[in-house]
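Student: my questions concern the predicted model and sequence given below.
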Amino acid sequence: MSQTRKITAGAAQFNIALGDIDTNLSQALASLKKLASQGVQLAVLPEMWSTGYDYKRLGQLAERTPEVVQALCRQSAESGMVLVGSLAEKEGKELYNTAYVIDQGKVAGTYRKLHLFSTMGEDRFLSSGDHSLVISTSVGRLGVAICYDLRFPELFRKMALEGAEIICLPAEWPKPRQEHWRTLLRARAIENQLFVVAANCCGIQGKLDFFGMSLLLSARGEVLAEGGEENTELAATFDFSELVEYRSQIRCYHDRRPEIYGHLP
């Protein structure tokens, strides 16, 4: 990685209107335009941001996902931003919670959520993915995870070992688990020595209350920007020289003992 590179990253945090694609798309595009005006080069949207978890209609709503993706591609082409956010994806009879990575106006890669939140029945309505994603983009090497994935540190270590510099994490993380959210995100940044952009939604959605608190973290786990509980856009600068310096000071990758606790592929 270049030791002199800097980028401006951002997150869009908003109250998702359950099942209302047009309202959500309008809201997302308005937020992305604000972030673009601030010079943001990488922007992350929340989890299932175009529909929310409208399970009863999700199959029907997912049929519009290609149209939503094309709108993001146009926004990316106009602004030059790399965009990441998750949407309902339909393939045959299967439904997935899929994060799209859009770079220079094109879909560069996709990631289907690996860990489905069985506590709330996500696994009854959605199919899980079968691979992780680390991808080279115009802003650097991105690793992608979605919401509940955050509780599985082995996924993040795998992405780090595959060269991820920034983790992008769309989420719908509700109250009252705010401290888990903040603590786990900082832990993933600190233990893997990489940047994190986590975009959560906010407001009431059905029976759930979402607290926002989107976060941009340094490779040391420092909070560079944090959202409150209302609709907002946040941005911060990621300085890759700081990442390189931190990794040289605390040599976690060099000092690993995989022969003891097993190799990750």
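Tutor: All right, it came through fine. Numbers count the residues shown, from 1 in each chain.

Student: in the chain, which spans are strands?
Tutor: 6-13, 42-44, 82-91, 94-103, 106-112, 134-137, 140-144, 166-171, 195-200, 202-205, 208-211, 215-217, 223-226, 232-239 (DSSP state E).

Student: most packed of these?
Tutor: Of all the strands of the chain, strand 42-44 carries the top mean neighbour count, a mean of 31, counting by mean count of other C-beta atoms under 10 Å. (C-beta placed from N, C-alpha, C; glycine too.)

Student: grab the most central residue of this protein for me.
Tutor: The residue lying closest to the centre of the chain (C-alpha atoms, centre = their mean) is L169, at 2.2 Å.

Student: what's the nearest residue to that one if we skip its chain neighbours?
Tutor: Distances taken as C-beta to C-beta, 6 or more residues apart in numbering put A198 closest to L169, at 4.3 Å, once the chain neighbours are dropped.

Student: residues touching the residue nearest to the centre of the chain, list them.
Tutor: When contacts are counted by C-beta atoms under 8 Å, 6 or more residues apart in numbering, L169 is found next to V44, V144, A145, I146, C147, D149, L150, L185, V196, V197, A198, A199.

Student: picking that back up, CSV please, covering the strands of the chain and showing mean pLDDT and distance to L61.
Tutor: Converted to CSV, the strands of the chain look like this (pLDDT from 0 to 100; distance: least, C-beta to C-beta, whole Å):
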stretch, mean pLDDT, distance to L61
strand 6-13, 98, 20
strand 42-44, 98, 21
strand 82-91, 98, 6
strand 94-103, 98, 10
strand 106-112, 98, 17
strand 134-137, 98, 26
strand 140-144, 97, 22
strand 166-171, 98, 17
strand 195-200, 98, 20
strand 202-205, 92, 14
strand 208-211, 91, 18
strand 215-217, 98, 28
strand 223-226, 98, 31
strand 232-239, 98, 25
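
Student: show me what the longest helix along the chain is packed up against.
Tutor: The residue-count maximum for a helix in the chain (DSSP state H) belongs to helix 21-37. Counting contacts by 3 or more C-beta pairs under 8 Å, 6 or more residues apart in numbering; DSSP states H and E, helix 21-37 is packed against strand 6-13, strand 42-44, helix 65-79, strand 232-239.

Student: run through who's touching that helix.
Tutor: 10, 12, 14, 16-17, 43, 45, 49-52, 61, 64, 68, 71-72, 75, 78-81, 83, 85, 231, 233, 235.

Student: going through these, which ones are buried?
Tutor: By neighbour count, with 16 or more other C-beta atoms under 10 Å, the contacts of helix 21-37 hold 10, 12, 14, 16-17, 43, 45, 49-52, 61, 64, 68, 71-72, 75, 79, 81, 83, 85, 231, 233, 235 as buried.

Student: good, we can wrap up now.
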